[in-house]
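**Q** Okay, here's the prediction I keep looking at, along with the sequence it came from:
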Amino acid sequence: MQNPDMIRLSFFLSTLVLCGLWEWLVPRKALTQSKGQRWLNNIGLIGFNSLCLNLFMPLLALEAALWAQQANIGLFHWLSLPAWLGVVISVVLLDLAIYVQHVIFHAVPWLWRLHRMHHADQDIDVTTGARFHPIEMIISMWIKIAIVVSFGISPLAVLLFEVILNVSAMFNHSNAKLQLNLDKVLRKAIVTPDMHRVHHSVIVKETHSNFGFFLSIWDRLFGTYRAQPELGHDKVKIGVPEFRTSREQWLDKMLTQPFRRQ
């Protein structure tokens, strides 16, 4: 597999540019905060998270998949599945795992304190899709590694899923207007911006709904689907009650939010 880091970076930058242009040309909701300040700090956080993963993780999911493949460890290495079928099943399985993990991060108080930094963004746009606390990123990576090794998920499937997850998260966090008829069709299969915006509402029952990142089936299947925000997309308030000042959008404040009560 040639240069997976370049593949991931290429898709990240392409999606950032395309979705950034899309939400600039046809915005869905008026912004309440300085876009320049938010982008500077959110993108700074992405860089900081990459540094933390490289410094504190002995291996990442792709390396774990390569090791499991070489050691013939994991369920899929013991089954005689066609390669294409193994990749499809792996991507669906990993997406389900992300859904379950997301629900747990909302349900367990100390995990929610980490995850609420993602929700503390008072506007939602393409950069919000990669705004996560570094401790949450490290925990998520260990969970992914455990699943990859246990099931023997192939390196190709891991790389494909990481690209899909990254692209879909940036897409469905975009502050862009999608034609309602197209949204209605797309959300039958994947999470759309209008569907995910509900999840970032300050209203608690809406915050704890629409947990999916890529496939929308899990929210429908497990009863966590909510079609629209109560106040409508124009008036829905984004964020969490604890952190409402513009200063909370700065990198230093974001990193300390899990350890502060407001």
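**A** That came through, no problem. Numbering: from 1, shown residues only.
**Q** can we go C-alpha only for contacts and neighbour counts from here?
**A** Noted.
**Q** What is the neighbour count of residue 56?
**A** 9 (other C-alpha atoms under 10 Å).
**Q** actually residue 93, not the one I wrote
**A** For residue 93, using other C-alpha under 10 Å, the count is 17.
**Q** Would you mind finding the longest helix in this protein?
**A** When the chain is scanned for its longest helix (criterion: DSSP state H), the result is helix 83-107.
**Q** Output the helix or strand bottoming out on mean pLDDT in the chain in CSV with nothing but the alpha carbons.
**A** Sorting the helices and strands of the chain by mean pLDDT, DSSP states H and E puts helix 75-78 at the bottom, at a mean of 92. Output of helix 75-78 as CSV, limited to C-alpha atoms (Å, rounded to 0.1, in the frame of the first residue of the first chain):
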residue,chain,number,x,y,z
LEU,A,75,-11.9,-13.6,12.6
PHE,A,76,-11.8,-12.4,9.0
HIS,A,77,-8.3,-14.0,8.5
TRP,A,78,-9.7,-17.3,9.5
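**Q** For it, which residues meet the burial criterion?
**A** 76, 77 (16 or more other C-alpha atoms under 10 Å).
**Q** roughly how far is it from the heart of the chain?
**A** 28 Å (C-alpha atoms, centre = their mean, to the nearest Å).
**Q** now swap in stretch 50-67 and tell me
**A** Worked out by C-alpha atoms, centre = their mean, stretch 50-67 lies 18 Å from the chain centre.
**Q** what about residue 53, distance to residue 113?
**A** Here the criterion is C-alpha to C-alpha, to the nearest Å. By it, residue 53 lies 20 Å from residue 113.
**Q** Kindly check the end-to-end length of stretch 71-87 for me.
**A** 19 Å.
**Q** what residues does that stretch touch?
**A** Residues external to stretch 71-87 that are found in contact with it (C-alpha atoms under 8 Å, 6 or more residues apart in numbering): 68, 69, 148, 149, 150, 151, 152, 153, 154, 156, 157.
**Q** Which of those has the largest number of neighbours?
**A** Most surrounded of the contacts of stretch 71-87: other C-alpha under 10 Å gives residue 153, at 31 neighbours.
**Q** Run through the residues that contact the residue nearest the centre of the chain.
**A** Nearest residue to the geometric centre of the chain (C-alpha atoms, centre = their mean): residue 169, 4.6 Å. Residues counted as contacts of residue 169 (C-alpha under 8 Å, 6+ apart) are 129, 130, 213, 214.
**Q** quick one: which of those residues is nearest residue 233?
**A** residue 129 (18.0 Å; C-alpha to C-alpha).
**Q** pretty sure the closest one belongs to a strand, no?
**A** No. Residue 129: not assigned to a strand; according to DSSP: H, G, I helix; E, B strand; the rest coil it is helix.
**Q** quick one: it and residue 258, what's the gap?
**A** For residue 129, the distance to residue 258 (C-alpha to C-alpha) stands at 19 Å.
**Q** Pick out whichever of the two has more residues nearby.
**A** When neighbours are counted by other C-alpha under 10 Å, residue 129 and residue 258 differ, and residue 129 comes out ahead with 22 against 18.
**Q** Just to check, that one is in contact with residue 165?
**A** No. At 9.8 Å, residue 129 and residue 165 do not qualify as touching, with contact defined as C-alpha atoms under 8 Å.
**Q** What's the local residue count around the nearest residue to residue 247 once chain neighbours are set aside?
**A** Nearest residue to residue 247, sequence neighbours excluded (C-alpha to C-alpha, 6 or more residues apart in numbering): residue 253, at 7.2 Å. Using other C-alpha under 10 Å, residue 253 has 14 other residues around it.
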